[in-house]
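Q: no sequence on this one, just coordinates:
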């Protein structure tokens, strides 16, 4: 039996981590994007969790 481990690990970021990832992006702005629904998120209790790949795609599209 061959074990093909093709699973990709999903990396989720907090608002603070997402803001720290991009120069010029503030925690306030990330929070507003989450609240408005512009940026897709998962809510875990009171915290917003943001998929890192989604954030990168979102910012790439926003810059165009």
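A: Great, that's in hand. Predicted, not measured: the structure shown is a model, and the values here were computed from it.
Q: Show me what counts as buried in stretch 40-56.
A: 41, 48, 49, 50, 51, 55 (16 or more other Cβ atoms under 10 Å). From N, CA and C alone the C-beta is placed, and that goes for glycine too.
Q: What is the end-to-end distance of that stretch?
A: 12 Å (Cα to Cα, to the nearest Å).
Q: distance between that stretch and the chain's centre?
A: 5 Å (Cα atoms, centre = their mean, to the nearest Å).
Q: avg pLDDT for that stretch?
A: Mean pLDDT, stretch 40-56: 95.
Q: what's the answer for stretch 8-19, then?
A: 94.
Q: okay if I get the buried residues of stretch 40-56 as JSON lines plus secondary structure and distance to residue 17?
A: Shown next, in JSON lines, are these (DSSP: H, G, I helix; E, B strand; the rest coil; distance: Cβ to Cβ, whole Å):
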{"residue": "41", "secondary structure": "coil", "distance to residue 17": "13"}
{"residue": "48", "secondary structure": "strand", "distance to residue 17": "11"}
{"residue": "49", "secondary structure": "strand", "distance to residue 17": "10"}
{"residue": "50", "secondary structure": "strand", "distance to residue 17": "8"}
{"residue": "51", "secondary structure": "strand", "distance to residue 17": "12"}
{"residue": "55", "secondary structure": "helix", "distance to residue 17": "10"}
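Q: Please consider this matter closed, and thank you.
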